[in-house]
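Peer 1: here are the coordinates; sequence isn't available:
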């Protein structure tokens, strides 16, 4: 029990450090991308925190297997360097027992990865897509920046010269609306106003942009004729605040819905989600023999080959998912042969390590 707690603590502490670094790098990269989009006016800065939280399960389901794999390699490699495992072997710790000790924390990590991949990640992806879709489908004063042409949902482009001191009224507003052929009228509309503000009618939830003292032009590309309308007050409907567009995608579907769906893409997505917890156990089996190093070699001697092995594992899984989704590979066979190949490889590495002896 003492050895179990000691080994588990070493592996989990190392895994936590690796996972923290990887999560910081990945989330930092995604945050910079979203911050750049917010600076361009695609959505308000205030929703950045929510978007990062929604992405967290998707990051964790990919980071934790790799972090646990590296945690075993680094922790056990250090124990080999200090000859601590040599002492454990002398006290009766067999390779099989060491493997059992390794698989116990692997079970806890697999549960966390399974919760993320099967439930939290699809829900977070749906929330992220819905939030961005809602922001892109409406024109909001809070995301407009003076002196810029900014695109919004509905084929609109807006430009404002400046805001009033209290930030509630826009000055010198220019809005271009593009209507695709087949809509009610094929005109492009350009609206110019000296000022404008946004209002929401609470009884209906409708949002409007109210423009004052301006002109509205309707033109058809390729024709010389144009319509001109002058107004003192013009109201442009932007959309419903409470509207939420439904998103239909395999990525956002629940795991139960994917299980019942016989479509190849649905089966590929389901097998990918279910295979991530299994991947934790396979990596744990491969990591134990790979962590065995000679004290003269250093604890990082087998780290690079192990990383290449992980990259090959993940790449083959992604290729199998694409093949199943496109119908090139039978969904009944699925991605499970890839897990089986690396499981057999891990067992062969353990057998080879046992044959050499743990000296």
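Peer 2: On my side now, so go ahead. Predicted, not measured: the structure shown is a model, and the values here were computed from it.

Peer 1: partner residues bridging residue 209?
Peer 2: Assessed by DSSP bridges, residue 209 has beta-bridge partners residue 198, residue 236.

Peer 1: wait, doesn't it sit right on residue 198?
Peer 2: Yes - contact criterion CB atoms under 8 Å: residue 209 and residue 198 qualify, at 5.5 Å. Just so you know, the C-beta spots here come from the backbone N, C-alpha and C atoms, and that holds for glycine as well.

Peer 1: quick one, which of the two is more surrounded?
Peer 2: residue 209 (23 against 19; other CB atoms under 10 Å).

Peer 1: sheet partners, orientation included, of the lowest-mean-pLDDT helix or strand in the chain?
Peer 2: Across the helices and strands of the chain, mean confidence by mean pLDDT, DSSP states H and E is lowest for strand 149-152: a mean of 74. Counting by DSSP bridges, the strands paired with strand 149-152 are strand 156-163 (antiparallel).

Peer 1: neighbouring contacts of the next helix or strand after the partner strand?
Peer 2: Using DSSP states H and E, the helix or strand that directly follows strand 156-163 along the chain is strand 170-178. Residues outside strand 170-178 that contact it (CB atoms under 8 Å, 6 or more residues apart in numbering) are 141, 144, 154-164, 188-197, 209, 211, 214, 236.

Peer 1: now swap in stretch 333-348 and tell me
Peer 2: Residues outside stretch 333-348 that contact it (CB under 8 Å, 6+ apart): 267-268, 271-272, 275, 278-279, 282, 285-286, 289, 313, 316-317, 320-321, 324.

Peer 1: mark out where each domain of the protein begins and ends.
Peer 2: The record's domain parsing of the chain by automatic domain parsing lists 2-136+261-356, 143-240.

Peer 1: which one of those domains is the most hemmed in?
Peer 2: For these, the largest average neighbour count (mean count of other CB atoms under 10 Å) is found in domain 2-136+261-356, namely a mean of 17.

Peer 1: what's the closest non-adjacent residue to residue 257?
Peer 2: The shortest distance from residue 257 to any non-neighbouring residue, by CB to CB, 6 or more residues apart in numbering, is to residue 266 (7.8 Å).

Peer 1: any regions of the stretch 201-350 of the chain where pLDDT drops low?
Peer 2: Along the stretch 201-350 of the chain, the model assigns pLDDT under 70 to residues 202-205, 239-248, 295-301.

Peer 1: what ranges does it have for its strands?
Peer 2: 206-219, 226-240 (DSSP state E, counting those that start in this stretch).

Peer 1: how about a markdown table for these, with distance to residue 257 added?
Peer 2: Below are these laid out as a markdown table (distance: least, CB to CB, whole Å):
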| stretch | distance to residue 257 |
| --- | --- |
| strand 206-219 | 32 |
| strand 226-240 | 27 |
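
Peer 1: between those strands, which one is nearest to residue 2?
Peer 2: With CB to CB as the measure, strand 226-240 is the member of the strands of the stretch 201-350 of the chain nearest residue 2 (62.6 Å).

Peer 1: which elements pack onto that closest one?
Peer 2: Contacts defined by 3 or more CB pairs under 8 Å, 6 or more residues apart in numbering; DSSP states H and E place strand 226-240 against strand 188-201, strand 206-219.

Peer 1: so which of the ones you listed is nearest residue 66?
Peer 2: Closest to residue 66 of the helices and strands packed on strand 226-240 is strand 206-219 (CB to CB; 44.2 Å).

Peer 1: and that closest one, how far out from the chain middle?
Peer 2: Relative to its chain's centre, strand 206-219 lies at 38 Å (CA atoms, centre = their mean, to the nearest Å).

Peer 1: and for stretch 55-71, what's in contact with it?
Peer 2: Residues outside stretch 55-71 that contact it (CB under 8 Å, 6+ apart): 11-16, 18-19, 22-23, 26-27, 30, 105-106, 109, 112-113, 116-117, 120-121, 123-125, 128, 276, 279-280, 283-284, 286-287, 303, 306-307, 310.

Peer 1: quick check: which element contains residue 97?
Peer 2: With DSSP H and E as the criterion, residue 97 is inside helix 95-115.

Peer 1: just how off-centre is that helix within its chain?
Peer 2: How far helix 95-115 lies from its chain's middle: 25 Å, per CA atoms, centre = their mean.

Peer 1: can you name every helix or strand that that helix contacts?
Peer 2: helix 2-39, helix 48-81, helix 264-290, helix 336-356.

Peer 1: I'd like those helices laid out as CSV, including distance to residue 258.
Peer 2: Listed next are the helices and strands packed on helix 95-115 as CSV, based on distance: least, CB to CB, whole Å:
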stretch, distance to residue 258
helix 2-39, 25
helix 48-81, 15
helix 264-290, 4
helix 336-356, 16
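
Peer 1: between those helices, which gets nearest to residue 149?
Peer 2: With CB to CB as the criterion, residue 149 lies closest to helix 2-39 of the helices and strands packed on helix 95-115, at 14.3 Å.

Peer 1: which helices and strands does the closest one pack with?
Peer 2: helix 48-81, helix 95-115.

Peer 1: contact partners for the residue nearest to residue 257?
Peer 2: Residue 266 makes contact with 250, 253, 257-258 under the criterion CB under 8 Å, 6+ apart.

Peer 1: among the residues you listed, which one is most surrounded by other residues?
Peer 2: Among the contacts of residue 266, the one with the most neighbours (other CB under 10 Å) is residue 258, at 22 neighbours.

Peer 1: excluding chain neighbours, what is closest to that one?
Peer 2: residue 270 (3.9 Å).

Peer 1: my read: the one you found touches residue 260, true?
Peer 2: No - between residue 270 and residue 260 there is no contact under CB under 8 Å: 9.6 Å.

Peer 1: mind checking how far the helix or strand following the helix holding residue 97 is from the chain centre?
Peer 2: Reading on from helix 95-115 to the C-terminus, the next helix or strand found by DSSP H and E is helix 121-136. How far helix 121-136 lies from its chain's middle: 11 Å, per CA atoms, centre = their mean.
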